[in-house]
Structures are given as C-alpha cells and as structure tokens.
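# Prediction below, plus the sequence it came from.
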Amino acid sequence: MHEMSLVEGIRAIVMDQAAAHGFTRVTRLRLEVGRFAGVEKPALAFAWDVAMKGSPAEEAELEILDLPGQALCFDCGVTVDIAERLAPCPLCGGGKLLPQGGDEMRIKDMEVI
Amino acid sequence: MCSVCGCHDTPVFDAKPAPKVPFDNVLAGNVAPHHHHYGQGAAGVSVPGLSQARLIEVETAVLSKNDALAAGNRKVLEGLGILALNLVSSPGSGKTTLLCKTIEALQGTPLAVIEGDQQTQNDADRIRATGARALQINTGKGCHLDAEMVGRAIDALRPERQSILFIENVGNLVCPAGFDLGEYAKVAILSVTEGEDKPLKYPDMFTASKLAILTKLDLAPHCDVDLDLYEANLRRVNPRIEILRLSSKTGEGMDAWLSWLKAQG
C-alpha cells in the first residue's frame, strides 16, 4: 500500500519537527504500525532510503514497533485481540469481526542531534 | 596549540616537549593523528552536561497532514449541506457507468463529479455528456486521490449548496482506503464478475465503506456466481456494511440506490 506516500508523510513531519526543535540530524525514528495498517515493511524500508535523501533523516535508523490488532466480534459482542485480519473470534469462533484500531501509523519519537 | 579546540598536544602541566614523531610513521598509520578532542558520540561534539542525542516525542500520525486537510474539506462540504460520496472500487467495476445512469435518474438534483484516474479525461467527458459538471484529476503515478487534490477540485468546481458531490476515486482496492478525502461516506462498487472472495482478499476497502453496491447484476446468471456468498463475505469483513444489488444496464436495483442517496441527505 502506497508506502512512498507514507514515507513522504514521515519526511514532512521530520522537516516540521526539525524547524520546531532546531536539530540537524535524526539518528533513529520509531514508527508504530498497527497490525491491520496494511504496511509492507520491505516496501517501506525501500521507500525510506529513497525519500529521506537530503533530509535530516537521511541516515536515520527506522525502527518499526508493531501494535496489536483488536476487533469487535458481532457474534459474542466482545472486543478481542486477533493476529490476522480474517482470523475468527478466539472466544466464540465467530467470523464477523470489525477491527477496532490496529490501522495506526504513527511516529512515536525521534532521536535527534 | 590545536587551532580547533585550543588544546595542547601534550598536557599543559607537562613541561617536557612532546616527543617528535617521524612523519613517515603518521602516514603509515602507525601513530594516531591528533583528534582535536571532538566528542566520540553521534553528534561529534561534546558539551558538558548534555548528552549527544536527545529524544523528541512526536506521537504524530503519518497521514496527519492528509487527515487535517480532509477535516477542512469536510467542514466546507458540511457547511454547504453537500452530500459527498467517495466511490471506490477496482478498475472496471462500472463506477462511471453507474454514475452516468444515476445522474440521468437524478435530473433536477444539483450535483457535481470529481473524477480521479491516472491518465485521460475520458471519464470526465462521459460525465459531462450527461450535462453534469465534472472535473478530472489525473494522478499520474499516484494510486489514490488525497485530500489536497480534492480540496483544490472543490475550490475549482464550487459545488452548489445542498447538492451531491460524487468523487470517483482511482480504480484501486488498496490505497484509497487509507486516505480520507473529507467525504461523508465511502461507497464500494463491486461487480459480480470479480469473484465472491474479493472482500476477503481486499478487506480494508470494504471495512472502510458504508455501502457496497454489487453491480453488473445482469451478468450474474452467465457467470455462475453466488450472490449470497458475496454478501456473506462483505459482512464478514464489515458486519455493519449496507449492501445493494444493481444493474446499470437493466436498471434493476436503481430505485433502492436512489432511495439510499435520498435517505443520507
């Protein structure tokens, strides 16, 4: 899914933060990615190298933190943790689940100098 | 004295001159060159009391810029009482044909159309042929419309108060799911020739949609499809989704779609 657009979004945030906090280089950036965010990690890493050129994050290490996926089961009415988007409800085995979050893509923090 | 950091090669309390090092040894790497007392950390500088790197809490969504622009679009659209629908599907599901038939059926209702495609003005031309106002966005290499493109299109189109704005997204079942445009709702178009398991293969788009329209219903008898299985799979990925069956060609199901539109206003 549109990893280049995502990385361009990260670059824009890095530039904003650099202006606000007066840093010149990002050494590490931690990105939280929900289990259902549909982010392809190898594609993201590839886009990262291309999109960050010339930015303070050009040589930054990208660390991806996986966030769990939760879904509301329409059969038993309980919000449960599921490992995959189409996994059945671990409590009742029901198959109709609506994701509750898990699609986050958020920059948690940056280590800067 | 070192001209960079002001230090001496030898400690200042040592009166003895530093031993002479033959220059050949320096070239050969046998002697460490003067290091200018730069810090050894990531910053390459050392300031007493400050660590080399600092951590900035950001906690910002990657798509926050798009989300903010989408919120702006939504405010403008809601302020004008406009019903904005983001039509999403794979390429070739019959979005434009459904739109043309819908516009014909809605004669007298003010509406406008934003068309998104990688290339060509074809779809906007088809819409304009019905008499409706349309604006084409070509995304080039882009795989989806974003809130900025739609914001500019709204500025250019100036849709009427209390009208309907149809936004036909780029044919793609993946990326447009993640980009809010400021619409009231996403409507997913799924033609009956695409396979009953399409909602399972591409769940995000159907999860994000309020309504799914099963189109090309007239082809169902020729394609050996199980329409109930389409609906079951749609509800599996989105238990709240509303579903309509429709044929733009025969007009079957058109009334239910028009009623749905009216009910949203």
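That came through, no problem. Residues are numbered from 1 along each chain as shown, chains lettered A, B, ... in the order given.
# Now do A:Ser5, the pLDDT please.
Confidence at A:Ser5, expressed as pLDDT, is 84.
# Give me the neighbour count for it.
Residues contacting A:Ser5 under the criterion other C-beta atoms under 10 Å in any protein chain shown number 20. For the C-beta atoms, the positions are set from N, CA and C on the backbone; glycine is no exception.
# Which secondary structure element is home to it?
Assessed by DSSP states H and E, A:Ser5 sits inside helix A:3-21.
# next helix or strand past that helix?
Counting by DSSP H and E, the next helix or strand C-terminal to helix A:3-21 is strand A:26-34.
# Model confidence score at the nearest residue to B:Lys249 once chain neighbours are set aside, please.
Using C-beta to C-beta, 6 or more residues apart in numbering or on different chains and skipping the chain neighbours, the partner closest in space to B:Lys249 is B:Asp218 (5.0 Å). Here, the pLDDT recorded for B:Asp218 equals 98.
# what residues does the stretch 51-200 of chain B put near chain A?
Contact residues (C-beta under 8 Å from any C-beta of the partner chain) of the stretch 51-200 of chain B with chain A: B:52-66, B:142-144, B:146, B:174-175, B:177-178, B:200.
# Show the buried residues in these.
B:52-53, B:56, B:58, B:60-66, B:142-144, B:146, B:175, B:177-178 (16 or more other C-beta atoms under 10 Å in any protein chain shown).
# Report the buried residues of whatever helix or strand B:His222 lives in.
Assigned by DSSP H and E, B:His222 belongs to helix B:220-223. Neighbour-count burial for helix B:220-223, counted by 16+ other C-beta under 10 Å, picks out B:Ala220.
# what's the lowest-mean-pLDDT helix or strand in chain A in contact with?
In chain A, the helix or strand scored least confidently by mean pLDDT, DSSP states H and E is helix A:41-51, which has a mean of 90. The contact list for helix A:41-51, computed with C-beta atoms under 8 Å, 6 or more residues apart in numbering or on different chains, reads A:Glu3, A:Met4, A:Leu6, A:Val7, A:Glu8, A:Ile10, A:Arg11, A:Val33, A:Leu62, A:Ile64.
# Measure how far it is from the centre of its chain, please.
Taking C-alpha atoms, centre = their mean, to the nearest Å, one finds helix A:41-51 lying 13 Å from the centre of the chain it belongs to.
# If you count neighbours, what's buried in that helix?
For helix A:41-51, a neighbour-count test (16+ other C-beta under 10 Å) marks A:Leu44, A:Ala47, A:Trp48, A:Ala51 as buried.
# do stretch B:157-167 as well
B:Leu157, B:Pro159, B:Ser163, B:Ile164, B:Leu165, B:Phe166, B:Ile167.
# Just the ones in helices from those residues, please.
Among the buried residues of stretch B:157-167, the residues falling in helices (DSSP state H) are B:Leu157.
# Save the buried residues of stretch B:157-167 as CSV, and put in pLDDT too.
Below are these laid out as CSV (pLDDT from 0 to 100):
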residue, pLDDT
B:Leu157, 96
B:Pro159, 97
B:Ser163, 97
B:Ile164, 98
B:Leu165, 98
B:Phe166, 98
B:Ile167, 98
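# Which single one of the buried residues of stretch B:157-167 is nearest to A:Gly38?
Minimum separation from A:Gly38 among the buried residues of stretch B:157-167 (C-beta to C-beta) is found for B:Ile167, which lies at 21.2 Å.
# Please report the distance of the closest one from chain A.
18 Å (C-beta to the nearest C-beta, to the nearest Å).
# what bridges to that residue?
B:Ile167 has these beta-bridge partners by DSSP bridges: B:Asn86, B:Ile114.
# Which residue lies nearest the spatial centre of the chain?
Looking at chain A here, since you left the chain open. Closest to where the C-alpha atoms of chain A average out (C-alpha atoms, centre = their mean) is A:Val33, at 2.4 Å.
# meant chain B actually
Nearest to the mean C-alpha position of chain B, by C-alpha atoms, centre = their mean, lies B:Phe179 at 2.9 Å.
# So for that residue, what's the pLDDT?
92.
# got the contact list for it?
B:Leu63, B:Asn66, B:Ala70, B:His144, B:Leu145, B:Asp146, B:Ala147.
# same thing with A:Phe36?
Contacts here follow C-beta under 8 Å, 6+ apart; on that basis A:Phe36 touches A:Gly69, A:Arg85, A:Pro99, A:Gly102, A:Asp103, B:Asp204.
# Was I right to think the first one contacts A:Ile82?
Pointing back at A:Gly69 there. Yes: contact criterion C-beta atoms under 8 Å: A:Gly69 and A:Ile82 qualify, at 5.6 Å.
# Please name the residues that touch residue 85.
No chain specified, so I'll use chain A. Neighbour list for A:Arg85: A:Arg35, A:Phe36, A:Gly69, A:Pro99, B:Pro203, B:Val237 [criterion: C-beta under 8 Å, 6+ apart].
# oops, chain B please
B:Leu85 touches B:Ile164, B:Leu165, B:Phe166, B:Ile167, B:Glu183, B:Tyr184, B:Ala185, B:Lys186, B:Val187, counting by C-beta under 8 Å, 6+ apart.
# which SS class is the nearest residue in space to A:Val78 that is not next to it in sequence?
In this structure, A:Val78 finds its nearest non-sequential neighbour in A:Leu91, 5.7 Å apart by C-beta to C-beta, 6+ apart. Three-state assignment for A:Leu91 (DSSP: H, G, I helix; E, B strand; the rest coil): coil.
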